[in-house]
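1. When you get a sec, could you give me coordinates for this:
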Amino acid sequence: MIAIGSDHAGFKIKESIKDFFQREGIDYKDFGTNSTESVDYPEFARKVSESVVEFESEKGILVCGTGIGVCIAANKIKGIRAALCHNVNYARMARKHNDANVLCLGGRENTEEESIEIVKAFLATDFEGGRHSNRLSQITKLEEKLV
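-> Got it, this is the predicted structure:
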């Protein structure tokens, strides 16, 4: 299952991604928001991120106006590796080299079609492992303040 959430500025893109998931038979859970009425994004970032770190969801997707705010908020949750991706290459590299588990998008930065292509790349790309695994271990140590 994929966890998905947004604030008001990301609502339209989130709804487009949900439509794509429904067409493709991809299981998801929507953590809100449910309209374009102004809301604060940290709560939605927390809900999606907790779903991922608690293994309820395989990956998460967050959308706000630029993607910056939800990315910062998500990365405050231990175990989250959120990546702000503005194109397909960023999405692939976030998965291949960083094993990103939350994709962040800017609702005002990409079209619906571009956003869906970024989501496809993120979900279809596996972590390469190898030399990148050592780097992830170092990131984990940073989270644990052991470095």
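
2. Low-confidence regions, the chain specifically.
-> By pLDDT under 70, the low-scoring segments of the chain are 146-147.

3. Would you map the helices across it?
-> Ranges of helices within the chain are 11-24, 42-53, 68-74, 88-98, 112-124, 131-143, based on DSSP state H.

4. what's the closest of these to M1?
-> Within the helices of the chain, the stretch nearest M1 is helix 42-53; the backing value is 8.2 Å (C-beta to C-beta). C-betas here are computed from N, CA, C, even on glycine.

5. Adding mean neighbour count as columns, could you present the helices of the chain in CSV?
-> Formatted as CSV, these follow (neighbours: other C-beta atoms under 10 Å):
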stretch, mean neighbour count
helix 11-24, 17
helix 42-53, 22
helix 68-74, 23
helix 88-98, 18
helix 112-124, 18
helix 131-143, 12
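
6. Mind putting those helices into TSV with distance to G60?
-> As requested, the helices of the chain are arranged in TSV below (distance: least, C-beta to C-beta, whole Å):
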stretch	distance to G60
helix 11-24	12
helix 42-53	4
helix 68-74	7
helix 88-98	12
helix 112-124	10
helix 131-143	17
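
7. Nearest to N34 among these would be which one?
-> Within the helices of the chain, the stretch nearest N34 is helix 11-24; the backing value is 7.8 Å (C-beta to C-beta).

8. residues making contact with that closest one?
-> The set of residues external to helix 11-24 that reach it, using C-beta atoms under 8 Å, 6 or more residues apart in numbering, is 2, 4-6, 26-28, 30, 33-36, 61, 63, 105, 107, 110, 112, 115-116, 119.
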